[in-house]
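Participant: structure for the following, please:
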Amino acid sequence: MDSKNDTSNLPAPKGMIYVYDPSPLNWLYVLFNSMEELVRADPLGRVIPNLAKKANWVNDLTLELPLQKGVVFQDGGPFTARTVQNSFNQLHQWAAPHPPGTWLNLPEETTLETVDNYTVRFHFPYPSGLAKAKLRAVHMANNLFFNKLGFGYVTQGSGEGHW
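Facilitator: Below is the predicted model:
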């Protein structure tokens, strides 16, 4: 490595990064670079596992997802079924958690069961062919994010309507 590009002696980053970007979509880029989802879409638009190892239908209304082990957040906290439960609970309280459209919302009656530390089950009120794809918009964040900032509801009382 070239000595002028060697960053091994630099101190670790600290504090908050403030970014000014006038794009109305800047929140989306910040979100996509700071959070992960249980599934993603490949270049052909197919739903593929991401934080989940797979997503299997147990029956027409129940989707089980074994989670990746060994995943950690930026603060060193582990990603577990508890993370999924907390993120689901936080996002599920919004009337419209997805500015691109309410079609991305999971049905309001959806519940989440924690089977063990690395397995969760979504229970849907009716069969939905889009359920796996909708999980692409269920963002996983750590407790630090939800307890300190959230999507604005900690400071603004709602996570909706301020973007």
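
Participant: for the residue nearest the centre of the chain, which non-adjacent residue is closest in space?
Facilitator: Nearest residue to the geometric centre of the chain (Cα atoms, centre = their mean): residue 139, 1.5 Å. Spatially, and ignoring its direct neighbours in sequence, residue 139 is nearest to residue 35 (4.3 Å; Cβ to Cβ, 6 or more residues apart in numbering). All C-beta atoms are positioned from the backbone trio N, CA, C, and that covers glycine.

Participant: picking that back up, dump the residue contacts of the residue nearest to the centre of the chain.
Facilitator: Residue 139 is in contact with 31, 35, 36, 37, 87, 91, counting by Cβ atoms under 8 Å, 6 or more residues apart in numbering.

Participant: farthest-separated two in the residues you listed?
Facilitator: Across the contacts of residue 139, the longest distance by Cβ to Cβ is 13.7 Å; it joins 36 and 91.

Participant: neighbour count winner among the two?
Facilitator: Each of residue 36 and residue 91 has its neighbours counted (other Cβ atoms under 10 Å); residue 91 has more, 21 against 16.

Participant: secondary structure class for the more buried one?
Facilitator: helix (DSSP: H, G, I helix; E, B strand; the rest coil).

Participant: ok, back up a step: how near is the residue nearest to residue 139 to residue 9?
Facilitator: Distance, residue 35 to residue 9, using Cβ to Cβ, to the nearest Å: 31 Å.

Participant: could you pull up phi and psi at the closest residue in space to residue 67 that isn't next to it in sequence?
Facilitator: Leaving out its chain neighbours, the residue that sits closest to residue 67 by Cβ to Cβ, 6+ apart is residue 118, at 4.5 Å. The phi/psi pair for residue 118 (degrees, to the nearest 10) reads phi -130, psi 30.
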